[in-house]
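1. when you get a sec, could you give me coordinates for this:
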Amino acid sequence: VTVLAGSRLPERMAPRKKTKRPLMSEEQGDSISESDFESRNIYQALPVDVSGDPQPPSGKTSEKKHESTKTPPIFITGTSVGDVHRKIIAAGVIRYTTNVTRKGIQVQTTATQDFKKVVEKLRDNKVQFHTFQLPENRTTKIVLSGVADCDTEELKESLEEKEIFPISIKKMSIREKRYDDHVTFLLHFPTGTITLAKLKLIPAIRHCKVKWSHYHTNGTPMMCRNCLKYGHGANNCYNRPKCLKCAGAHKAEECPHSDKSSEQKGKIPEHLVKCANCSGGHTANYYKCPARPQRTPTPTVHRPAPRYDEKNYPSFWSSRTPIEPAATPKASYTSKPSAQWANPDSNLFSPEEITHIVTDTFSLMRNCTTKQQQITVIFQVIQKYCYNG
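-> Numbers count the residues shown, from 1 in each chain. Down below sits the predicted model:
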């Protein structure tokens with residue numbers, strides 16, 4: 001190490017002495033809690049609230065979030081939009097929307113409780129409207145056929161004896177009856193309380209063999225039996241009733257034109273029959289009514305068959321190079337047989353000899369004009385190769 005004149009060597013600092021910390025006894029370690037250590041982790045997760053509700057800031061109160069549920073629409077007729085708003089606000093509902101459609105004023109709520117309040121308010125004020133069932137009120141529909149015609153209360157008692165408890169029973173209309181007392185019943189059950197397999201364990205009711213099946217519309221439009229409009233049912237319809245027979249402002253059972261005789265019970269004169277939808281000379285449930293919504297079948301798309309295309313569907317052999325057969329030398333009568341076929345002890349013709357026989361036979365037959373000449377040629381060839389050898 002070179003030291004310049006007049007310079008001082010740097011003073012060397014003494015090393016720090018390491019002080020040993022006294023070990024902690026087991027009793028002291030047990031007494032220390034987690035709160036005695038102050039730690040901080042920037043990657044630490046946010047504290048989890050046990051209650052699951054967000055904590056409101058200090059000095060402020062937060063309202064509980066309004067639960068929204070998908071509710072069916074309500075269609076109101078015979079009133080104005082302003083009157084609808086006043087009635088809904090009077091019912092204590094503030095979360096809703098309205099829309100004017102061809103079916104009427106559509107009201108859409110966001111909660112089930114609001115839906116029930118609006119329906120109750122409109123019903124109390126005798127407003128004309130129709131709606132649909134809530135999801136929790138939907139039922140399982142079962143069709144019962146085969147039982148003899150009877151009252152719905154009698155059928156209900158017979159079903160309760162077999163521990164079957166429908167919430168409602170209705171008679172279905174049949175277009176073509178197979179016998180006089182042919183009837184079909186529609187049973188409603190709470191969703192999830194009955195199965196078709198359980199019902200099929202009951203083969204007979206009221207001494208009649210019955211058949212159970214699910215209710216299917218088969219694409220037929222739904223018709224309200226109260227107002228005779230299409231698209232909703234009578235259970236949720238609060239419109240003015242209309243007669244199925246004469247289109248009057250009354251129910252079909254209360255039609256004043258109905259014949260009370262036993263032979264033609266319920267029928268009215270033909271000149272009084274009127275449709276409530278198209279004003280035609282037929283009942284409102286006539287299946288050929290022009291106002292009846294027609295089922296539009298889904299068009300079946302038929303894809304064209306693939307056409308043969310040399311580009312997309314190349315031939316299997318076109319991509320291969322054809323193999324030309326090897327040229328065989330022409331044989332002559334004077335040529336010697338090949339060594340591999342030469343066998344002096346054999347009594348068979350060699351391949352070259354067979355070729356000559358066939359060639360001679362076809363060359364001679366070309367000049368034949370009759371079958372007798374062809375037979376003569378065959379015998380000549382046989383004599384030449386078999387007996388002149």
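2. and the host helix or strand of Gln108, average pLDDT?
-> Assigned by DSSP states H and E, Gln108 belongs to strand 104-109. Taken as a whole, strand 104-109 has a mean pLDDT of 96.
3. adjacent strands (with direction) for that strand?
-> strand 74-77 (antiparallel), strand 96-101 (antiparallel) (DSSP bridges).
4. which stretch among those strands comes nearest Asp259?
-> strand 74-77 (32.9 Å; C-beta to C-beta). No exception for glycine: its C-beta is placed from N, CA and C like everyone else's.
5. next SSE after that closest one?
-> Proceeding N to C from strand 74-77, the next assigned helix or strand is helix 81-90, under DSSP H and E.
6. which outside residues touch that next one?
-> By C-beta atoms under 8 Å, 6 or more residues apart in numbering, the residues outside helix 81-90 that reach it are Ile76, Tyr96, Thr98, Val100, Ile105, Val107, Val118, Lys121, Leu122, Asn125, Val127.
7. picking up where we left off before, who are the packing partners of the helix or strand following the strand holding Gln108?
-> For strand 104-109, the following helix or strand on the C-terminal side (DSSP H and E) is helix 112-124. If you count contacts as 3 or more C-beta pairs under 8 Å, 6 or more residues apart in numbering; DSSP states H and E, helix 112-124 packs onto strand 74-77, helix 81-90, strand 104-109.
8. by how many degrees do the last one and helix 112-124 diverge?
-> What it means is strand 104-109. 140 degrees (axes from the mean of the first three to the mean of the last three C-alpha atoms, to 10 degrees).
9. hang on, the earlier thing: show me which of the contacts of helix 81-90 are buried.
-> Applying 16 or more other C-beta atoms under 10 Å to the contacts of helix 81-90, the neighbour count classes Ile76, Tyr96, Ile105, Val107, Val118, Lys121, Leu122, Val127 as buried.
10. tell me which residue lies nearest the centroid of this protein.
-> The residue lying closest to the centre of the chain (C-alpha atoms, centre = their mean) is Thr298, at 14.5 Å.
11. remind me which helix or strand it belongs to.
-> Following DSSP H and E, one finds Thr298 outside all helices and strands.
12. settle this for me: Lys162 is touching Leu201, isn't it.
-> No - the pair Lys162 and Leu201 does not pass the contact test of C-beta atoms under 8 Å, sitting 9.4 Å apart.
13. circling back: how about the strand holding Gln108 as PDB, C-alpha atoms only?
-> The C-alpha coordinates for strand 104-109 follow below in PDB (Å, rounded to 0.1, in the frame of the first residue of the first chain):
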ATOM      1  CA  GLY A 104    -104.000  -1.400 -22.900                       C
ATOM      2  CA  ILE A 105    -101.800   0.500 -20.400                       C
ATOM      3  CA  GLN A 106     -99.100  -1.900 -19.300                       C
ATOM      4  CA  VAL A 107     -97.900  -1.500 -15.700                       C
ATOM      5  CA  GLN A 108     -94.700  -3.300 -14.700                       C
ATOM      6  CA  THR A 109     -93.600  -3.400 -11.000                       C
END
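14. ok, so of the contacts of helix 81-90, who is nearest Leu228?
-> After measuring the contacts of helix 81-90 against Leu228 - C-beta to C-beta - the closest member comes out as Ile76, at 18.2 Å.
15. ok, the closest one touching Lys121?
-> No - with contacts counted by C-beta under 8 Å, Ile76 stays clear of Lys121, the gap being 11.2 Å.
16. stretch 197-210 - what's its average pLDDT?
-> 92.
17. contacts for that stretch, please.
-> Under C-beta under 8 Å, 6+ apart, the answer for stretch 197-210 is 142, 144-148, 150, 155, 158-159, 162, 164, 212.
18. measure that stretch end to end?
-> Length of stretch 197-210, first residue to last, C-alpha to C-alpha, to the nearest Å: 14 Å.
19. Cys227 against His130, yeah?
-> Yes - counting by C-beta under 8 Å, His130 is a contact partner of Cys227 at 7.3 Å.
20. neighbour count for the two, which is higher?
-> His130 (24 against 20; other C-beta atoms under 10 Å).
21. check whether the more buried one really touches Gly78, as I assumed.
-> No - taking contacts as C-beta under 8 Å, His130 lies outside contact range of Gly78: 11.7 Å.
22. quick one, domains of the chain?
-> Split into domains by the TED database, the chain comes to 74-135, 138-209.
23. pipe these into JSON lines and attach distance to Cys243 per row.
-> Shown next, in JSON lines, are the domains of the chain (distance: least, C-beta to C-beta, whole Å):
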{"stretch": "domain 74-135", "distance to Cys243": "17"}
{"stretch": "domain 138-209", "distance to Cys243": "16"}
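24. just those domains: most buried one?
-> Stretch with highest mean neighbour count among those: domain 74-135 (a mean of 16; mean count of other C-beta atoms under 10 Å).
25. worst average pLDDT in the domains of the chain?
-> domain 138-209 (a mean of 89).
26. for the strands paired with strand 104-109, which one sits closest to Cys255?
-> Proximity to Cys255 (C-beta to C-beta) singles out strand 74-77 among the strands paired with strand 104-109, at 23.2 Å.
27. and that closest one, how far out from the chain middle?
-> Relative to its parent chain, strand 74-77 has a centroid offset of 30 Å by C-alpha atoms, centre = their mean, to the nearest Å.
28. next: stretch 290-303.
-> Its chain's C-alpha centre and that of stretch 290-303 lie 18 Å apart, by C-alpha atoms, centre = their mean.
29. now do it, average pLDDT.
-> 80.
30. just the CA coordinates for it, please, in PDB.
-> In PDB, the C-alpha atoms belonging to stretch 290-303 read as follows (Å, rounded to 0.1, in the frame of the first residue of the first chain):
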ATOM      1  CA  PRO A 290    -111.000 -15.000 -38.300                       C
ATOM      2  CA  ALA A 291    -110.100 -13.200 -35.000                       C
ATOM      3  CA  ARG A 292    -108.600 -16.400 -33.600                       C
ATOM      4  CA  PRO A 293    -104.700 -16.200 -33.600                       C
ATOM      5  CA  GLN A 294    -103.400 -18.700 -36.000                       C
ATOM      6  CA  ARG A 295    -100.400 -20.800 -35.200                       C
ATOM      7  CA  THR A 296     -97.500 -20.000 -37.500                       C
ATOM      8  CA  PRO A 297     -95.500 -23.200 -38.000                       C
ATOM      9  CA  THR A 298     -91.800 -22.900 -37.900                       C
ATOM     10  CA  PRO A 299     -90.500 -23.300 -41.400                       C
ATOM     11  CA  THR A 300     -88.300 -26.300 -41.900                       C
ATOM     12  CA  VAL A 301     -85.000 -25.300 -43.600                       C
ATOM     13  CA  HIS A 302     -83.900 -27.900 -46.100                       C
ATOM     14  CA  ARG A 303     -80.300 -27.700 -47.000                       C
END
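31. understood, closing this out.
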